[in-house]
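In: how would this look folded up:
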Amino acid sequence: MKRIGALVGLVLLTLGLITPVASAALQPGYGALTIEPADPNRQFRAMPSLQWVTWQDATGATKHRLIRSFLVSADGDRQVKSRVEYRDDAGRWQPALEAGTGKKLQDLPTAQFAMVANGVATGREYSVFESLGRVDATGQRYFVRWTSSDGGASWRIGRANLDLAGAIIRTGETGRLFQGVLTLPNGDLVAPFYAGQANGHSAAYLLTMPKGGTTWTRSATPFLSAAFNYSESSATRLADGRLLMITRQDDDPTSKVIYSRLLGRITNGPVSSAADLKTAGWGAAFAVKVPGAIDANAVRGVAPVVNTMEGGILMLVFGRPGNNIAFSYDSGATWTALHRFYTNQPTNCTAPNGVHPCDTLGSSGYIGVAVTGPRTATFYGDNCQSGWGCEAGWSYPNGKDSKLWTMSVRLA
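Out: Coordinates of the predicted model:
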């Protein structure tokens, strides 16, 4: 692997009259950027997801490892294909297997879109829910659920039904989960979800599932509009128990060029259970403002992933343009100056590539985020979005190879 020099930490900005909490003494420091060489056997490696899995082995010992998935088909293909891998004790990535048969998941027709984006520990096991919803012969919506008892080395297939009662979505719409499953204090699970509405635009929901349950249920619809599309979202519980949700809004769905921004909403009171979420009031939507970002007063971006770290510090990762991170020490009221992990934007692009502006080309901007401890996290990103990210005719500073990069952060 190729190593590029260590990157510097962030500068904390305090804006307005808001004073950061005491834990502001914890500042992020970054490990070296590591780039994996392109795999000649794969046409694409893009839009990675990453999880830090904790499980107990046969002796009862607690163990940890990273698991990941990434897209190997072109973005937008009807037949989406992905790969799931786990990191072995020697630090090598190995293909995930089907429990019982030992077959590689990537060779199974039932596992072509197995991904680890939406993962959660379920007792001594670990489950991931595929992002794309499905509909069975009876009309029941559901997600494929994969469960592992050995830290992601092997998986068995199952399903989790989807109950969207009260939602007015398009006929035949199955929707999509995004990256991250949140566990509430009582054990209930929360997952961001988006789907096309009957009004022609997509809305962003929060689904819940009781501990040990088998059905996702719509519990809140924080982002719904007759004018905009809301899609990829992430949610986290703040230090005071309120829930923060950050979503992607496409500015003008009718435009020939798509500019996406990040918006947030926070519940008015604490959310400790699915019942709390169903009855929660929400504050007004607000633009996420990140100093140093493009359009800092309403930051452009896609694929937000927000986590609450030690001391209530918020960590927000998002992409396009670039691959970015920022921190908040005041529950999302203000954010630190943007830190960019990696960029591969074309240097000579003068006109959009279809709906994509020049500064959103190169990397997909979808970053796998694994929180490995109260103060630590690991990230995986890509060099080129599959299918359209690195088009011929333009020059890219890191080339056009379909390769992955990784980096870590530590608050200290």
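In: make it CA atoms for all contacts and neighbour counts henceforth
Out: OK.
In: and the helices in this structure?
Out: 274-279 (DSSP state H).
In: residue most distant from the centroid, it?
Out: residue 59 (33.1 Å; Cα atoms, centre = their mean).
In: angles on the backbone of that residue, please.
Out: Dihedral pair for residue 59: phi -90, psi 0, per degrees, to the nearest 10.
In: quick one: low-confidence residue ranges for the protein.
Out: The model of the chain has pLDDT under 70 over residues 1-24, 76-79, 252-255.
In: so how far is residue 240 from the residue positioned nearest the centre of it?
Out: The residue lying closest to the centre of the chain (Cα atoms, centre = their mean) is residue 179, at 3.2 Å. Distance from residue 179 to residue 240, counting by Cα to Cα, to the nearest Å: 23 Å.
In: cool, residue 192 as well?
Out: From residue 192 to residue 240 the distance is 21 Å (Cα to Cα).
In: and residue 131, by the same measure?
Out: Look at residue 131 and residue 240: by Cα to Cα, they are 30 Å apart.
In: between the two, who's got more neighbours?
Out: For residue 131 versus residue 240, neighbours defined as other Cα atoms under 10 Å are more numerous around residue 131 (21 against 11).
In: which residue, neighbours along the chain excluded, lies closest to that one?
Out: Computed as Cα to Cα, 6 or more residues apart in numbering, the closest residue to residue 131 that is not its neighbour in sequence is residue 177, at 4.6 Å.
In: what is the burial count for that neighbour?
Out: 27.
In: quick one: residue 176 and residue 131 touch, right?
Out: Yes: with contact defined as Cα atoms under 8 Å, residue 176 counts as touching residue 131 (5.2 Å).
In: tell me the contacts of residue 65?
Out: Residue 65 makes contact with 52, 53, 54, 86, 87, 88, 151, according to Cα atoms under 8 Å, 6 or more residues apart in numbering.
In: next one: residue 132
Out: By Cα under 8 Å, 6+ apart, the contact list for residue 132 reads 143, 174, 175, 176, 177.
In: at 10 Å what do you get?
Out: 80, 113-115, 142-144, 174-178, 193 (Cα atoms under 10 Å, 6 or more residues apart in numbering).
In: check those residues for burial and list the buried ones.
Out: Neighbour counting by 16 or more other Cα atoms under 10 Å classes 113, 114, 115, 142, 143, 144, 174, 175, 176, 177, 178, 193 among the contacts of residue 132 as buried.
In: which residues does the residue lying closest to residue 372 once chain neighbours are set aside bridge with?
Out: Excluding its sequence neighbours, the residue lying closest to residue 372 (Cα to Cα, 6+ apart) is residue 52, at 5.9 Å. Beta-bridge pairing for residue 52 (DSSP bridges): residue 66.
In: one more: residue 323?
Out: The partner residues for residue 323, given DSSP bridges, come to residue 319, residue 342.
In: same check, this time on the one 5 residues further on
Out: Under DSSP bridges, the beta-bridge partners of residue 328 are residue 314.
In: for the stretch 301-412 of the chain, which segments count as strands?
Out: Secondary structure of the stretch 301-412 of the chain by DSSP state E, counting those that start in this stretch: the strands cover 302-308, 314-319, 323-328, 339-342, 368-373, 376-382, 404-411.
In: and the ones you listed: which comes nearest residue 101?
Out: Smallest distance to residue 101 across those (Cα to Cα): 28.5 Å, for strand 368-373.
In: just checking, what packs against the closest one?
Out: Judged by 3 or more Cα pairs under 10 Å, 6 or more residues apart in numbering; DSSP states H and E, the packing partners of strand 368-373 are strand 46-56, strand 62-71, strand 302-308, strand 314-319, strand 376-382, strand 404-411.
In: so what secondary structure elements neighbour the last one?
Out: Packed against strand 404-411, as judged by 3+ Cα pairs under 10 Å, 6+ apart, are the following elements: strand 2-6, strand 28-30, strand 32-35, strand 46-56, strand 339-342, strand 368-373, strand 376-382.
In: okay, the angle between it and strand 376-382?
Out: Counting by axes from the mean of the first three to the mean of the last three Cα atoms, to 10 degrees, strand 404-411 lies at 160 degrees to strand 376-382.
In: by how many degrees do strand 404-411 and strand 46-56 diverge?
Out: In terms of direction (the same axes, to 10 degrees), strand 404-411 departs from strand 46-56 by 50 degrees.
In: report the distance from strand 404-411 to the chain centre.
Out: How far strand 404-411 lies from its chain's middle: 15 Å, per Cα atoms, centre = their mean, to the nearest Å.
In: compute the inter-axis angle for it and strand 368-373.
Out: Using the same axes, to 10 degrees: strand 404-411 against strand 368-373 is 30 degrees.
In: how about the second one?
Out: Inter-element angle recorded for strand 62-71 and strand 368-373: 170 degrees (by the same axes, to 10 degrees).
In: list the buried residues of strand 62-71.
Out: 65, 66, 67, 68, 69, 70, 71.
In: which residues sit in contact with the closest residue to residue 70 other than its chain neighbours?
Out: Closest residue to residue 70 apart from its sequence neighbours, by Cα to Cα, 6+ apart: residue 48 at 4.1 Å. By Cα under 10 Å, 6+ apart, the contact set of residue 48 is 68-72, 82-84, 115-117, 364-369, 379-382, 404-405.
In: ditto for residue 377
Out: Here residue 377 is in contact with 30, 51-52, 307, 309, 315, 369-371, 407-411 (Cα under 10 Å, 6+ apart).
In: closest one of those residues to residue 345?
Out: Of the contacts of residue 377, the one sitting nearest to residue 345 (Cα to Cα) turns out to be residue 407, at 18.8 Å.
In: what's across from that closest one in the sheet?
Out: Beta-bridge partners for residue 407, by DSSP bridges, are residue 379.
In: count of neighbours near it?
Out: Residue 407, neighbours per other Cα under 10 Å, totals 19.
In: likewise residue 391?
Out: 17.
In: can I assume it is in contact with residue 400?
Out: Yes: between residue 391 and residue 400 there is a contact at 8.0 Å, judged by Cα atoms under 10 Å.
In: pretty sure the residue nearest to residue 131 contacts residue 232?
Out: Yes: using Cα under 10 Å, residue 177 makes contact with residue 232 at a distance of 8.1 Å.
In: residue 247: what's it in contact with?
Out: For residue 247, the contact set (Cα under 10 Å, 6+ apart) comprises 192, 194, 203-205, 222-223, 230-235, 260-265, 287-288, 301-305.
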